[in-house]
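Chemist: Quick one, structure for this:
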Amino acid sequence: MVQGVSTGILVVGIGGNNGVTLLAGQIANRDKLSWETGPGRVSANWIGCLTQIPPRGVHGGVGFQGRFDGIASADNAVIGGWDIRSTKLGQALYDCRVLEPDLVRQVRDEMDGMEIMQGVWDPSFIGESQHATALNVVSGVDNSSTRCRLERIRRDIRTWKEKNNVNGHITVIWSASVERPSEAEYKSADDLLDAIYDDSNIDDISPSMLYAAAAALEGCSFVNGGSQNTLSAAMISLFEQSYRQPVAPSTSVLSKFAPYSSGQAYCLGTDFKAGQTKFKTAAVEYLRALGLSPRVIASSNHLGNNDMLNLTTKKTLNAKMRVKSDIFGPWQEDDLDHKVTVMYTPYIGDEKRDYVEYTSFGFLSSPHTMVTYTRCMDSILCVPLMVDAAIWCDYFVNHNVSPTDAARATAYLFKVPEGSSKGIDPGFFYQMRELEKVLQKASGKQDDIITMGLSKGIITEEQASALRELSTM
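Modeler: Got it, this is the predicted structure:
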C-alpha cells in the first residue's frame, strides 16, 4: 500500500447513483465511519474492491491488497467530476436511496459542498428524459466548437489536479448516461484529432469521445463504463505513447494540441460487467466445464434508476443491448439462443432484480435447466469496479505495464472487452488468471520464481531464458 500518494478519479456523471455512492464510500472509509442498519451496526469497508481487500482462506482467494507492493489505497483517492445536472451531491445521494439513511446523514454535508464541474453534452446523444435536468452544461465560447469543448475538458482536468494536489495517476471514468452509437469513424489518431480541431467539422463526435481524447492528451487513463462505441482503433492509438511523443513534428496534427502529455495512460472498456452479466458468464463457464452444451439463456432485469430511464429511448437502448447480447461471442457457441430484456420500473429504484434461466443439453441430449434470481443495488455492484479500474491504472502506470497487458488484466471488469483485450475468453476465472499473470510479471515475482529455480538447480540457464521469453508472450 502506497502512503501519501493520492490517486485521482474523475467521474463523468459524478451526480449519478454510481458517482455519489463512490464518493460516500470513500468518505466513509477515509473517516472510518460506522452506521446503523436493520441487522445491526456496520463499519466502513471496501468489500467487493479486489484492489483493496486482502486474500482470505488457506489458498488466498481473491483479494490483492498486501500481496503486491504498490497497490494504492482508495482511502487516499481524490474524487471529482462533471455532471450536466446541478443537484448537490449530498442531495443526489439522499435522493437515490442506495445507502442507509444513517450513513447518508453523516456524509451529506461534506458532499453538498463539493464542486460539480459543468458537463459537455449533446442532447442528440442521450434520451429525451435527460434533457430537462441538463442545467449544468458548458456554454458560451467553450461550447462553440468541438475543439473548444475538448479544450474545456482538458483545462478542467489540469485545474482540478492542481487544486486538489493530486500526485498519483488520474483515471477518467465514463459513468454518465449511455449514449446512442456515434456514426463517426476514423482510421487513425491523426484523423480523429484533425476532425476535433476543424471548427467547421460536423462529424458525429460524441461527448464521451471528447472526454476520452482529452484524457489521453492530459496523460490520464480513460475507462468507458457505458455501452456506447467510444473506443475505436483510432481512439486507442491516441493513448499509445509511441503516438504522443514528447516532441511531435510541427507538421503533425498532434502538435496543434500542444502542450500535451506523453506519459503512459490506458484506454479501457466497454461497459462495466457488474452483476447479472458477470454471474451469467460464470454460470455458463460452469456449464461448459461440466461438458454440457448451453442452448437457451433467457434473462430479464428491471430497475428504476436514471440509467434505466435513459434506456427507455430506443436510440440509447440499442447501445446497451449490443453489449449485453455479445458477452459470449468469443466462446463461439453457435447454437446458443441468448435473449435479454430490460424494463424500467420506477418503484424498484436502484435495486436491480434479475432472473435468468439456463437450458443446456446433457448426456444423450437430455435437457438440463437451472434458474438464478438476484437482487442488489446496482451501484453497490458497480462502484467496486470503478475503484479497481482506477487503482489498477495507477499501479500499471507505476510499473510500466504495456497497454496490451493492462487491457487483458482488466478484461474482467467489462461486458465486452475492447482494444487489445478484444476477443479474450469471457470466463471470469480465466480473466482472473490473466490479471494474476500480469501482476506477477509487473511485480517481478514471476522472475523471482525462475531465479529461485536456477539457484536450486531445478532448471538450467537455457530453460530460464526460455521461461522468461514465454512469460512475455
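Chemist: Could you look up the SS state of residue 338?
Modeler: Secondary structure for residue 338, judged by DSSP: H, G, I helix; E, B strand; the rest coil, is strand.
Chemist: That one and residue 329, how far apart?
Modeler: Residue 338 is 10 Å from residue 329, where distance means C-beta to C-beta, to the nearest Å. In short, each C-beta sits where N, CA and C put it, glycine included.
Chemist: Which one of these two is surrounded by more residues?
Modeler: Ranked by neighbour count (other C-beta atoms under 10 Å), residue 338 and residue 329 place residue 338 first, with 19 against 13.
Chemist: measure the residue lying farthest from the centre of the chain to residue 444 for me?
Modeler: Within the chain, residue 457 marks the point farthest from the mean C-alpha position, 44.0 Å out by C-alpha atoms, centre = their mean. Distance, residue 457 to residue 444, using C-beta to C-beta: 22 Å.
Chemist: Check residue 124 too.
Modeler: Distance from residue 124 to residue 444, by C-beta to C-beta: 49 Å.
Chemist: tell me the average confidence for the strand or helix carrying residue 23?
Modeler: Using DSSP states H and E, residue 23 maps to helix 17-30. Averaged over helix 17-30, pLDDT sits at 98.
Chemist: Which other helices and strands does the helix or strand just after that helix contact?
Modeler: Downstream of helix 17-30, the next assigned helix or strand under DSSP H and E is strand 34-36. With contacts taken as 3 or more C-beta pairs under 8 Å, 6 or more residues apart in numbering; DSSP states H and E, strand 34-36 sits against strand 41-43, helix 101-112.
Chemist: The shortest one: which residues count as buried?
Modeler: Across strand 41-43, burial judged by 16 or more other C-beta atoms under 10 Å covers no residue at all.
Chemist: other SSEs contacting that strand?
Modeler: So strand 41-43, by 3+ C-beta pairs under 8 Å, 6+ apart, packs with strand 34-36.
Chemist: Repeat the analysis, applying 10 Å as the threshold.
Modeler: strand 34-36, helix 101-112 (3 or more C-beta pairs under 10 Å, 6 or more residues apart in numbering; DSSP states H and E).
Chemist: what about that strand, distance to the chain center?
Modeler: 28 Å (C-alpha atoms, centre = their mean, to the nearest Å).
Chemist: Use 8 as the first number for this chain going forward.
Modeler: Okay, using 8 as the starting number, the last item reads as strand 48-50.
Chemist: Name the strands paired with the following helix or strand past it and say parallel or antiparallel.
Modeler: Counting by DSSP H and E, the element after strand 48-50 in chain order, helix or strand, is strand 85-90. Strand 85-90 pairs in its sheet with strand 15-19 (parallel), strand 124-125 (parallel), by DSSP bridges.
Chemist: just the angle between strand 85-90 and helix 24-37, please?
Modeler: For strand 85-90 against helix 24-37, the angle by axes from the mean of the first three to the mean of the last three C-alpha atoms, to 10 degrees is 160 degrees.
Chemist: buried set for the helix or strand just after strand 85-90?
Modeler: For strand 85-90, the following helix or strand on the C-terminal side (DSSP H and E) is helix 96-103. By 16+ other C-beta under 10 Å, the buried positions in helix 96-103 come out as 96, 97, 99, 100, 101, 103.
Chemist: got CSV for those, with distance to residue 240 and pLDDT too?
Modeler: Listed next are the buried residues of helix 96-103 as CSV, based on distance: C-beta to C-beta, whole Å; pLDDT from 0 to 100:
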residue, distance to residue 240, pLDDT
96, 36, 98
97, 41, 98
99, 36, 97
100, 38, 98
101, 43, 98
103, 36, 95
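Chemist: between those, which is closest to residue 403?
Modeler: residue 96 (29.0 Å; C-beta to C-beta).
Chemist: Would you check that the closest one makes contact with residue 111?
Modeler: No: counting by C-beta atoms under 10 Å, residue 96 stays clear of residue 111, with 11.3 Å between them.
Chemist: Between those two, which contacts overlap?
Modeler: Among the neighbours of residue 96, those also in contact with residue 111 (C-beta atoms under 10 Å, 6 or more residues apart in numbering) are 27, 31, 118.
Chemist: Can you tell me the closest non-neighbouring residue to the second one?
Modeler: Leaving aside its chain neighbours, residue 31 sits nearest to residue 114 (4.9 Å; criterion: C-beta to C-beta, 6 or more residues apart in numbering).
Chemist: The one you found reaches residue 100, doesn't it?
Modeler: Yes: contact status for residue 114 versus residue 100: in contact at 7.2 Å, counting by C-beta under 10 Å.
Chemist: shared neighbours, those two?
Modeler: With C-beta under 10 Å, 6+ apart, residue 114 and residue 100 have common neighbours 27, 30, 31, 106.
Chemist: did I read that right, residue 438 in a helix?
Modeler: Yes: counting by three-state DSSP, residue 438 is found in a helix.
Chemist: how many neighbours does it have?
Modeler: Residue 438 - counted by other C-beta under 10 Å - has 25 other residues nearby.
Chemist: that older thread, just the buried residues of helix 96-103 now: which is nearest residue 412?
Modeler: Closest approach to residue 412 among these (C-beta to C-beta): residue 96, at 35.1 Å.
Chemist: Give me the neighbour count for the nearest residue to the closest one once chain neighbours are set aside.
Modeler: Using C-beta to C-beta, 6+ apart and skipping the chain neighbours, the partner closest in space to residue 96 is residue 118 (4.2 Å). The number of residues packed near residue 118 is 19, by other C-beta under 10 Å.
Chemist: give the contact list for residue 118.
Modeler: 27, 30, 31, 34, 95, 96, 97, 98, 99, 100, 101, 111.
Chemist: Any stretches of the stretch 258-407 of the chain with poor pLDDT?
Modeler: Where the stretch 258-407 of the chain drops to pLDDT under 70, the residues are 326-332.
Chemist: The same query, at a cut-off of 50, please.
Modeler: Along the stretch 258-407 of the chain, no part satisfies pLDDT under 50.
Chemist: all strands for it, in order.
Modeler: Assigned by DSSP state E, counting those that start in this stretch, the strands in the stretch 258-407 of the chain fall at 274-276, 300-310, 344-351, 358-368, 374-384.
Chemist: I'd like the ones you listed as a markdown table, with distance to residue 237 appended.
Modeler: Shown next, in a markdown table, are the strands of the stretch 258-407 of the chain (distance: least, C-beta to C-beta, whole Å):
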| stretch | distance to residue 237 |
| --- | --- |
| strand 274-276 | 7 |
| strand 300-310 | 23 |
| strand 344-351 | 21 |
| strand 358-368 | 23 |
| strand 374-384 | 26 |
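Chemist: Of the ones you listed, which is nearest residue 194?
Modeler: strand 274-276 (16.7 Å).
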